[in-house]
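Asker: need a structure here:
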Amino acid sequence: MKIFSELREKRLRGMPAGEHVFGKKINRIELMIHKEKGKFVAYIDGDKLDTYRTQREAEKAGMTFIKQYKGTK
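Answerer: Sure thing, here's the model as predicted:
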């Protein structure tokens, strides 16, 4: 029987859907932004954060989230 962490790890191996437009690692936490259907989607370590209208908004929100998240990991 597979455990949850194995299933999650298997899902994270591939890239999310859409065109990859931005990627950056900040303190070993990966921020990716993909363009899907005219919107920009921010991913933190492969988990979807949210959808934004512009790439700049997605980058700013991702950076802010990582700065807040950094101390709790």
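
Asker: is the residue most central in space within the chain in a helix, a strand, or coil?
Answerer: For the chain, residue 43 is the residue whose C-alpha lies nearest the centre (C-alpha atoms, centre = their mean; 1.2 Å). Recorded secondary structure, residue 43: strand (DSSP: H, G, I helix; E, B strand; the rest coil).

Asker: which parts of the protein are helices?
Answerer: Taking DSSP state H, the helices of the chain run over residues 4-12, 55-69.

Asker: mean pLDDT for those helices: which is lowest?
Answerer: Of all the helices of the chain, the minimum mean pLDDT falls on helix 4-12 (a mean of 69).

Asker: re earlier: what bridges to the residue nearest to the centre of the chain?
Answerer: Under DSSP bridges, the beta-bridge partners of residue 43 are residue 32, residue 48.

Asker: residue 22 too?
Answerer: residue 33.
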